[in-house]
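1. My questions are about this predicted structure, shown below with the sequence.
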Amino acid sequence: MASPYRSALLVAGSYFSASVLWWLLTGRLLNTLFDDFAAIAHGQMVSGYVWAAVSALMLFVWRSRLLRLMGREYRARLANRERLNMAAAVFDSTLEGVLVTDANNVIVHVNRAFIDITGYGQDEVLGQNPSKFKSGRHDAAFYHRVYTQLNEQGQWRGEIWNRRKNGEIYPQWQTIRVVRDEFARITHYVAVFSDLSMAKRSEQELAHRDHYDALTELPNRALLQDRVEQGLRQAQSEKHGCTLLMIDLDYFQNINDSYGHGLGDRVLRAVAQRLSVPLSPSQTLARLGGDEFALFDEHCGQLAEAAALARRLLDQLVEPFELEGRSLFVSASIGISLFPNDASDAEQLLRNADSALFKAKQSGRAGYAFYTEALTAQAQQRLEIATELRRAIEQNELRVFYQPVVNLLTGGLAGVEALVRWQHPERGLVPPGEFIPVAEHSGLIADIDRWVLAEACRQRVRWIEAGWRDGFVAVNLSSRLFGRPEVECWVAQTLRETGLPPALLELEVTESAVMDDPDTALEQLHRLRALGLHLAIDDFGTGYSSLLRLKNLPVNKLKIDQGFVAGLPGDDSDAAIVRAVIVLARSMGMTVHAEGIEHPEQARFLLEHQCELGQGYGFSRPVPADQIELKGI
Ligand code: C2E
Ligand code: MG
Ligand code: MG
């Protein structure tokens, strides 16, 4: 029976018993009293009325008391039930898991969210101990701390890892409260928890995005910097060395331009995979952006070890990449910086590896270079030279020297090559090798080449006026300028302004300038050729040439680099290369021109193998224009 009715019956019962008792007692008492009175006043009737009135009054008072009591009790119970219903609804609909244990840590209640989060059914957990959910991630000391705080402060709050029914361990944010009765005895523990695994996952995803490159999944620059900093700190305390290798793919732009960025991205992913193959736990391979990667090795402080590591990485790229039905060859240049030899902190180590990379690129690519003290000094010197060079251009300190080019068959003057010099007020005549690279780096090269071009054209016109009608003037064009659309404009404008017949002008571009970006090169070479001038590939044999592409270029001449001429005729490999280049050039209808001829035997060998033109100290050094021998022309 419902409890409000039971208590109402109880009250009614007691009222009834009290009334009967009252009736009996008062009736008896009054009867006795009035029996005595009756004798005196014959008032039997009076005593009956009084008793009935008092009884009715008493009945009225008790009845109203009873009703009040029953009403209050009923209302309180009704409100209580409503509260309980509400609590149960909240308890069940909350997203947080709720678990209630009794004082002995026996589970007496769990809610729906608990079942959803843990995967356990109610029957599987009621009557059990919460230690059933332990993940094994926390030690005994951790649980001891939790219970101590619960006992002392009545509450504990924090992150705790538990295990789901399927065995997965996951983080919870949990609040445990102690419930005590009116005598302060513990009756229950109530734990409310939320599942943190989703939040943690997105936190991890965000952290991943911040620290990893999306394309290759390799660590990015920020993470690399972090690892380098940590690695150096450890290396310092453990007294060992570290190495940073900066890796840059050679001519990667060609792949993007020729086959599109989609394939370019696939190549980058494939490169990342190949470079990752020999990684040890002490190594971090990162992609810094574009086609630039870096490898940090926390336990490699020796020069020879670092060189071997670089070699291994380069070897990883030797095999072609088979992608989308094509075989793509990719090589890389590597700059190496060592800690503590070259740098004392992470930033410096990265910067120096970058300088070393620049050096590797300059010295022919598909190789590696170290950062050294000398390289630092060189970098500082380069800065000073750039400042001075700017002043030199303004103050007309540049000079053009000319080196004769000889027809090897006749010995006559076939043309001249214009070579720039810097007439330094203190240092005297500075050769171009000391300032052209600086000018290329600082952007001053455009001013220099434009000036040399104009000066050489003017000089050639003067020679025409002096009677030298045939014969070219060759002008060097920096690879940095090659590909710039404004170059044709300058050249056309200079030819117009100086009045030099275009056929007497020859522009020399280096092999690497053409091969760095063959498609742009091809277009530009065609536009330059359309102006009526001649084109020559300078320093041929030093760069990375695709003979197939060379065949399609509208160039008139190949200049064999002096490095191959130097070994002639004795060095077999130099002789073989020179012979091959001559055959190749002639088969493509090009003129062959050898640089750096110092001895008559070299000239003889070249002539025998049908090289038509030659230039070198053996004939003449580069000289000022007025020293060019025009006699006999
Ligand atoms: P290059 O265009 O290959 O010029 C030939 C270089 O070889 C010249 O050095 C020349 O003096 C040197 N040479 C000629 N014959 C011999 C020889 O028999 N033996 C030896 N050992 N060397 C010989 P130079 O004048 O010092 O020029 C060096 C480089 O600087 C040039 O190489 C060219 O790449 C660059 N350069 C010179 N002038 C200019 C210019 O006006 N603009 C640009 N962009 N570069 C220039
Ligand atoms: Mg040249
Ligand atoms: Mg040359």
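-> Thanks, I have it. Ligands and ions are numbered 1, 2, ... in the order given.

2. From ligand 1, how far out is the closest residue to residue 516 other than its chain neighbours?
-> In space, not counting the residues next to it along the chain, residue 516 is nearest to residue 251; the distance is 6.1 Å by Cβ to Cβ, 6 or more residues apart in numbering. Where you see a C-beta, it was placed from the backbone N, CA and C, and this is true even at glycine. Computed as Cβ to the nearest ligand atom, to the nearest Å, the residue 251 to ligand 1 distance reads 20 Å.

3. wait, residue 251 sits on residue 519?
-> No - judged on Cβ atoms under 8 Å, residue 251 makes no contact with residue 519 at a distance of 11.6 Å.

4. Looking at the two, which is more packed in?
-> More neighbours surround residue 251 than the other of residue 251 and residue 519, with 20 against 13 (other Cβ atoms under 10 Å).

5. mind listing what residue 617 touches?
-> Each residue near residue 617 by Cβ atoms under 8 Å, 6 or more residues apart in numbering is listed here: 596-598.

6. Buried ones among those residues?
-> Neighbour-count burial (16 or more other Cβ atoms under 10 Å) applied to those gives 596-597.

7. Please tabulate the contacts of residue 617 in a markdown table, including the columns distance to ligand 2.
-> Converted to a markdown table, these look like this (distance: Cβ to the ion, whole Å):
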| residue | distance to ligand 2 |
| --- | --- |
| 596 | 11 |
| 597 | 14 |
| 598 | 17 |
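
8. Ligand 3: which of the contacts of residue 617 is nearest?
-> Minimum distance to ligand 3 across those is 8.0 Å, recorded for residue 596 (Cβ to the ion).

9. Please name the nearest non-neighbouring residue to the closest one.
-> Spatially, and ignoring its direct neighbours in sequence, residue 596 is nearest to residue 562 (2.4 Å; Cβ to Cβ, 6+ apart).

10. Who are the contact partners of the most centrally placed residue in the chain?
-> Computing the C-alpha centroid of the chain and ranking residues by Cα atoms, centre = their mean puts residue 220 first, at 2.4 Å. By Cβ under 8 Å, 6+ apart, the residues touching residue 220 are 211-213, 286-288.

11. Of these, which belong to strands?
-> Mapping the contacts of residue 220 onto strands (DSSP state E) picks out 286-288.

12. host element of residue 284?
-> Per DSSP states H and E, residue 284 falls inside strand 283-289.

13. So in that sheet, which strands flank that strand, and in what orientation?
-> strand 292-297 (antiparallel) (DSSP bridges).

14. ok, and for the strand it pairs with, which residues are buried?
-> Of all the residues in strand 292-297, those buried under the rule 16+ other Cβ under 10 Å are 292-297.

15. Export those to JSON lines and append columns for pLDDT and distance to ligand 1.
-> Formatted as JSON lines, these follow (pLDDT from 0 to 100; distance: Cβ to the nearest ligand atom, whole Å):
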{"residue": "292", "pLDDT": "95", "distance to ligand 1": "26"}
{"residue": "293", "pLDDT": "97", "distance to ligand 1": "30"}
{"residue": "294", "pLDDT": "97", "distance to ligand 1": "31"}
{"residue": "295", "pLDDT": "97", "distance to ligand 1": "33"}
{"residue": "296", "pLDDT": "96", "distance to ligand 1": "36"}
{"residue": "297", "pLDDT": "95", "distance to ligand 1": "37"}
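
16. Next, count neighbours for residue 240.
-> Residues lying near residue 240 (other Cβ under 10 Å) number 15.

17. Now do the contacts for residue 390.
-> 442, 444.

18. Now do it against residue 382, distance only.
-> Distance of residue 390 to residue 382, given as Cβ to Cβ, to the nearest Å: 13 Å.

19. Name the residues of the stretch 351-500 of the chain found near ligand 1, please.
-> When proximity is defined by Cβ under 6 Å from any ligand atom, the stretch 351-500 of the chain lies next to ligand 1 at 403, 419-420, 431-433, 436, 449, 452, 476, 478.

20. Among the residues you listed, which ones are in helices?
-> If you go by DSSP state H, these have 432-433, 436, 449, 452 in helices.

21. and these, which are buried?
-> Those of these that meet the buried threshold are 432, 436, 449, 452, by 16+ other Cβ under 10 Å.

22. pretty sure the third one contacts residue 478?
-> Yes - proximity of residue 449 to residue 478 meets the contact threshold set by Cβ under 8 Å, at 5.6 Å.

23. if we can go back for a sec, would you format the residues of the stretch 351-500 of the chain next to ligand 1 as CSV with pLDDT and distance to ligand 2 included?
-> As requested, these are exported to CSV (pLDDT from 0 to 100; distance: Cβ to the ion, whole Å):
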residue, pLDDT, distance to ligand 2
403, 98, 9
419, 98, 7
420, 98, 11
431, 96, 13
432, 96, 10
433, 92, 12
436, 92, 11
449, 96, 12
452, 97, 11
476, 97, 5
478, 93, 11
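
24. Tell me which two of those residues sit farthest apart.
-> Greatest spatial distance among these (Cβ to Cβ): 403 and 478, at 18.1 Å.

25. Flag every residue of the stretch 51-200 of the chain that's near ligand 3.
-> Within the stretch 51-200 of the chain, not a single residue sits near ligand 3 (Cβ under 5 Å from the ion).

26. low-scoring stretches of the stretch 51-200 of the chain, by residue?
-> Judged by pLDDT under 70, the stretch 51-200 of the chain has its weakly predicted residues at 51-52, 55, 80, 83-87.

27. OK, now which residue of it is nearest to ligand 2?
-> For the stretch 51-200 of the chain, Cβ to the ion, closest residue to ligand 2: residue 200, 63.2 Å.

28. what domains does the record give for this protein?
-> 4-91, 94-200, 212-382, 396-627 (automatic domain parsing).

29. what about the strands in the stretch 351-500 of the chain?
-> Along the stretch 351-500 of the chain, the segments classed as strands by DSSP state E, counting those that start in this stretch run 368-370, 398-407, 413-424, 428-430, 472-476.

30. Actually, the stretch 51-200 of the chain.
-> Using DSSP E, counting those that start in this stretch, strands in the stretch 51-200 of the chain cover 97-102, 107-110, 155-163, 169-180, 186-195.

31. Mean neighbour count and distance to residue 574 for these - can I get that in CSV?
-> Output for the strands of the stretch 51-200 of the chain, formatted as CSV (neighbours: other Cβ atoms under 10 Å; distance: least, Cβ to Cβ, whole Å):
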stretch, mean neighbour count, distance to residue 574
strand 97-102, 19, 81
strand 107-110, 19, 87
strand 155-163, 17, 71
strand 169-180, 17, 69
strand 186-195, 18, 74
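
32. Can you add distance to residue 60 and give those strands back as JSON lines?
-> Listed next are the strands of the stretch 51-200 of the chain as JSON lines, based on distance: least, Cβ to Cβ, whole Å:
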{"stretch": "strand 97-102", "distance to residue 60": "48"}
{"stretch": "strand 107-110", "distance to residue 60": "48"}
{"stretch": "strand 155-163", "distance to residue 60": "54"}
{"stretch": "strand 169-180", "distance to residue 60": "45"}
{"stretch": "strand 186-195", "distance to residue 60": "44"}
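
33. of those strands, which approaches residue 537 most closely?
-> Of all these, strand 169-180 sits nearest to residue 537, with 65.1 Å by Cβ to Cβ.
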